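Enquirer: Got a predicted model here, sequence first, then my questions.
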Amino acid sequence: MNINSKGSKDCTGKSKVQEDKSSNRLRISYFIIGLCIGILISERIYVTHRTLDPISSKLLATKTEFLDNHSFKSSKDDSIILKNESLPLNSDVAPTASTVDTATAVPEPRNELEKTLRLIAPNKELLVAISNKNMLWDNMLNSFVNGIKKSGFTNYLIVALDEETRKWCIENNVNAFLISVIIPDSQKGTGDNHAVSSMKFGILKQFLELDYSVFLSDIDVCILQNPFDHIYRDSDVEGMSDGFDPPTAYGAIDGFDDPSMGWGRFAQFYKHFNMNSGLFYLRANKRTIELMTRLETRLSKEKYWDQTAYNEEIFFLSHGDYKSPQVSVRVLDIYKFMNSKVLFKDVRHRPRENRPPKPIIVHANYHPDKHQRMKAIFSFYNDNDEGPLMRLPGGSEPGSR
């Protein structure tokens, strides 16, 4: 009877249901075991990969170090190829010319002047003096060059206007470059020095167009210290003034009285002495190139003093159809970049303790006996010998103080 009862239960299907449940539990167990094995295998592979990765990184670093430490040349022109470091992909720093990963070939010099400038003015600024053979007379050019050499800077160039001057410079180990010029008809009869001075603007333009800033100096200048240590480079033009005290050099507001105007009889205006066209620094940019171009063009057609034209082009205001070159201007310190009136009429007469420190440059612009004044200035400041300086008159007339 028990057997029949058991058979009766089988007929209802209950036993089959139990077998299915057992089979499902077994499949689930196999799945969980397989999943665990898969996770273990994946973890093992990941660990193995991370262990090998530093090795490949080290090989890459070694290759990069090799490339960094070796110079390569272009097969086309043998010019050095410059390599710049690149920024990380997610860097917050904006890329600049020094950070973009590009190879830039150093261009060939555009002309012989630029080839010379690359050798003597790596910082792209230099002192330029223009001379012809007249400055060899009485060794005036030699006195000028000795001032440069004693001041210890080498970024200078004598622009020789004739072969005699160039030859003298070579023989005396002086930086020089020959530029031949033709005096325009407009400047003939003005005197050799004035004619040469009028052509300096076209010469200076050649430097500016090559992106070299220039400190123009006449030859009647005593250089006592490196001038590049004492300029600001915040203006297009930095120049010496012909003024002899702060108001005349740096500017002052003056009054004008017209009694016929009654209530409005008084007006004010601004005044200062002219900038000297024989000692100034020009930053290389479009405005200074425009200034030099205007002066070159104007003086090739007009019989005009170059210093007057220089100041008119700088200071005359834009009006109507006329637009000025709009250069910014800084006046050099009158006691550092001193004209000879400041020295001979003022500074030398002060007690020693009230004299300003040794100037950077003294320009013998106010006096005709230029070389004699230069030698006295060098003796005064470099040799501590006051005698030659104190014996000279204050002006050009004997006995003037």
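Expert: Here it is on my side, so go on.
Enquirer: So residue 396 lies in a strand, does it not?
Expert: No - Residue 396: not assigned to a strand; according to DSSP: H, G, I helix; E, B strand; the rest coil it is coil.
Enquirer: What count of nearby residues applies to it?
Expert: Look at residue 396: counted by other C-beta atoms under 10 Å, it has 10 neighbours. For every residue, glycine as well, the C-beta is placed using N, CA and C.
Enquirer: Helix, strand or coil: sort out the closest residue to it other than its chain neighbours for me.
Expert: Closest residue to residue 396 apart from its sequence neighbours, by C-beta to C-beta, 6 or more residues apart in numbering: residue 368 at 5.6 Å. Of the three states, residue 368 takes coil under three-state DSSP.
Enquirer: right, and residue 368 touches residue 395 too?
Expert: No - the criterion here is C-beta atoms under 8 Å, and residue 368 misses it with residue 395 at 10.0 Å.
Enquirer: Which one of the two is surrounded by more residues?
Expert: When residue 368 and residue 395 are compared for neighbours, residue 395 comes out ahead with 15 against 8, by other C-beta under 10 Å.
Enquirer: what's the more buried one in contact with, if anything?
Expert: Residues near residue 395 by C-beta atoms under 8 Å, 6 or more residues apart in numbering: 344-345, 366-367.
Enquirer: Tell me how far the host helix or strand of residue 389 lies from the chain's centre.
Expert: Using DSSP states H and E, residue 389 maps to helix 387-391. Helix 387-391 has its average C-alpha position 39 Å from the chain's average C-alpha position, going by C-alpha atoms, centre = their mean, to the nearest Å.
Enquirer: same question, stretch 311-329
Expert: On the basis of C-alpha atoms, centre = their mean, stretch 311-329 sits 24 Å off its chain's mean C-alpha point.
Enquirer: Quick check: buried residues in stretch 212-232?
Expert: Within stretch 212-232, the residues that count as buried by 16 or more other C-beta atoms under 10 Å are 212-225, 227-228, 231.
Enquirer: Greatest separation within the contacts of residue 395: which pair is it?
Expert: Greatest spacing in these, by C-beta to C-beta: 345 and 367 (10.6 Å).
Enquirer: still on that earlier bit, helices and strands around the helix holding residue 389, which ones?
Expert: For helix 387-391, the packing partners by 3 or more C-beta pairs under 8 Å, 6 or more residues apart in numbering; DSSP states H and E come out as helix 370-382.
Enquirer: Can you pull out the residues in contact with the helix it packs on?
Expert: With C-beta under 8 Å, 6+ apart as the criterion, helix 370-382 contacts 138-140, 143-144, 146-147, 150, 220-222, 224, 340, 343-344, 348, 358-359, 362, 364, 367, 385-389, 391-392.
Enquirer: So which of those residues are in strands?
Expert: 221-222, 362 (DSSP state E).
Enquirer: for those residues, which one is nearest residue 28?
Expert: residue 221 (101.2 Å).
Enquirer: partners of the closest residue to that closest one other than its chain neighbours in the sheet?
Expert: Closest residue in space to residue 221, ignoring its immediate chain neighbours: residue 363 at 5.0 Å, by C-beta to C-beta, 6+ apart. When bridges are called by DSSP bridges, residue 363 pairs up with residue 221, residue 339.
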